[in-house]
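Visitor: Quick one, what's the 3D model for this:
(one chain, ligands or ions: 4)
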Amino acid sequence: AKADGRGTFRFFEPDMDAQLQARRALEVNLRKAMGAGEFELFYQPQINIGANEIGGYEALLRWHHPERGLVPPGEFIPVIENTGLIVPLGDWVIEQACREAAGWPRNIHVAVNLSPVQFRSRGLVQSVSRALAESGLAPERLELEITESVLLQDNEMTVSTLHQLRRLGVRIAMDDFGTGYSSLSYLRSFPFDKIKIDQSFVREMSQRADCLAIVQSVANLGRSLGMPTVAEGVETEDQLRQIQAAGCTDAQGYYFGRPKPPQELVHTLAALKHT
Ligand code: C2E
Ligand code: CA
Ligand code: CA
Ligand code: CA
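Guide: Numbering: from 1, shown residues only. Ligands and ions are numbered 1, 2, ... in the order given. Okay, here's the model as predicted:
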């Protein structure tokens with residue numbers, strides 16, 4: 001502890017100063033980065049297994065840092081969530097995804113990830129509604145991916161936000177399904193449009209019977225509730241066969257394509273237009 005000049009003592013001050021400074025520096029950097037156009041959305045295809053066709057793309061945020069190069073979201077999103085900045089950045093993601101998807105073939109959707117912090121912020125419904133209006137994207141072509149942690153506070157506000165979003169006409173997908181504490185009860189409190197089975201189960205299902213059993217039960221559950229089920233993280237043909245046999249309706253993963261910048265989708269999208 002040290003004296004702060006007014007005769008009182010403050011504990012841990014150097015630490016808090018350092019943390020605060022680091023946070024301020026990050027905020028400044030992020031604001032600059034947004035202004036300088038250092039953020040970009042990559043897109044990864046989601047495949048309808050039955051039709052063997054691309055049904056849509058998931059937008060995945062990338063930061064082109066001037067010194068560090070391409071920074072994956074796992075490295076900066078958790079930090080941004082601790083600042084208020086995830087809200088303006090998240091708004092930008094929604095706007096950008098809608099703008100880009102508006103130029104795609106009409107049967108192709110875009111999926112956007114929502115941070116729990118963004119989900120609980122006041123202006124979310126308005127931001128989504130504005131992004132749709134400004135881009136002209138049909139609402140049913142926008143899919144919002146939320147994780148179970150959004151629903152941890154299973155309160156009226158959460159359910160009301162979900163219903164307001166649904167009323168706009170957008171679809172809601174439950175991401176990383178199976179990783180939370182009470183996945184099943186969430187399906188009861190709100191009717192999702194889609195379930196995404198977490199990639200950890202897909203990765204391990206060939207060696208672990210319990211993981212395969214989970215993939216199979218989620219696919220069955222989806223079928224009986226009338227919700228499509230997406231298997232994430234499909235990397236091999238064997239995994240594709242297994243999730244198909246399990247009854248998953250959709251798949252996403254490196255086997256079908258890695259996340260790519262929009263200019264690399266141009267040819268694929270042009271070909272889709274003519275089929
Ligand atoms: P997620 O939503 O579960 O996204 C799937 C992640 O798995 C992506 O990582 C994707 O590149 C990766 N992936 C896809 N297929 C495969 C595969 O076959 N094998 C393996 N090993 N990985 C695969 P990415 O792009 O690094 O994103 C990580 C997480 O960051 C996302 O997980 C999501 O939670 C978050 N995120 C990404 N973009 C945004 C965003 O715009 N907003 C928010 N709030 N979160 C985002
Ligand atoms: Ca996701
Ligand atoms: Ca996921
Ligand atoms: Ca995840």
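Visitor: Neighbours of the residue nearest to Trp104 when sequence neighbours are not counted, how many?
Guide: The spatially closest residue to Trp104, leaving aside those adjacent along the chain, is Leu269, at 5.6 Å (Cβ to Cβ, 6 or more residues apart in numbering). C-beta: built from backbone N, CA, C; applies to glycine. Applying other Cβ atoms under 10 Å, we find 16 residues neighbouring Leu269.
Visitor: Kindly report the same for Gly55.
Guide: 20.
Visitor: Output stretch 223-234 in CSV, but only the C-alpha positions, please.
Guide: These are the backbone C-alpha positions of stretch 223-234, laid out as CSV (Å, rounded to 0.1, in the frame of the first residue of the first chain):
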residue,chain,number,x,y,z
ARG,A,223,-35.5,-34.9,-35.5
SER,A,224,-38.2,-35.4,-32.9
LEU,A,225,-38.4,-31.6,-32.2
GLY,A,226,-38.2,-30.7,-35.9
MET,A,227,-34.9,-28.9,-35.5
PRO,A,228,-32.1,-29.4,-38.0
THR,A,229,-28.8,-30.5,-36.4
VAL,A,230,-25.4,-29.4,-37.6
ALA,A,231,-22.3,-31.3,-36.7
GLU,A,232,-19.4,-29.0,-36.3
GLY,A,233,-15.7,-29.7,-36.9
VAL,A,234,-16.1,-32.4,-39.5
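Visitor: any idea how far Ile195 is from Ile49?
Guide: Separation of Ile195 from Ile49 (Cβ to Cβ, to the nearest Å): 14 Å.
Visitor: The stretch 151-275 of the chain: helices as residue ranges?
Guide: Using DSSP state H, counting those that start in this stretch, the helices found in the stretch 151-275 of the chain span residues 156-168, 183-189, 199-204, 209-225, 237-246, 266-273.
Visitor: Output the ones you listed in TSV, with distance to Arg23 appended to each entry.
Guide: As requested, those are exported to TSV (distance: least, Cβ to Cβ, whole Å):
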stretch	distance to Arg23
helix 156-168	27
helix 183-189	32
helix 199-204	31
helix 209-225	38
helix 237-246	41
helix 266-273	39
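Visitor: what residue ranges in this protein are flagged as low confidence?
Guide: The model of the chain has pLDDT under 70 over residues 1-14, 154, 182, 274-275.
Visitor: At which residues are the strands of it located?
Guide: Secondary structure of the chain by DSSP state E: the strands cover 2-3, 9-10, 39-48, 53-65, 69-71, 109-113, 142-147, 171-177, 194-197, 229-231, 250-252.
Visitor: just those: most buried one?
Guide: Of all those, strand 229-231 has the most neighbours on average by mean count of other Cβ atoms under 10 Å, namely a mean of 28.
Visitor: From the chain's centroid, how far away is that one?
Guide: How far strand 229-231 lies from its chain's middle: 14 Å, per Cα atoms, centre = their mean, to the nearest Å.
Visitor: could you list every residue that touches the residue nearest to Ser135 when sequence neighbours are not counted?
Guide: Nearest non-adjacent residue to Ser135, counting by Cβ to Cβ, 6+ apart: Cys98, 3.8 Å away. With contact set as Cβ atoms under 8 Å, 6 or more residues apart in numbering, Cys98 has these partners: Val110, Ala131, Leu132, Glu134, Ser135, Leu137, Leu142.
Visitor: which among those residues end up buried?
Guide: With neighbours counted using 16 or more other Cβ atoms under 10 Å, these contain these buried positions: Val110, Ala131, Leu132, Ser135, Leu137, Leu142.
Visitor: Pretty sure the second one sits against Trp92.
Guide: Going back to what we said before, that points to Ala131. No - using Cβ atoms under 8 Å, Ala131 is not in contact with Trp92, being 9.6 Å away.
Visitor: for Ala246, what are its contacts?
Guide: Counted by Cβ under 8 Å, 6+ apart, Ala246 has contacts Leu212, Val215, Gln216, Ala219, Ala231.
Visitor: Could you report the distance from the first one to ligand 3?
Guide: Counting by Cβ to the ion, to the nearest Å, the gap from Leu212 to ligand 3 is 19 Å.
Visitor: can you check the last one too?
Guide: In this view, Ala231 and ligand 3 are 10 Å apart by Cβ to the ion.
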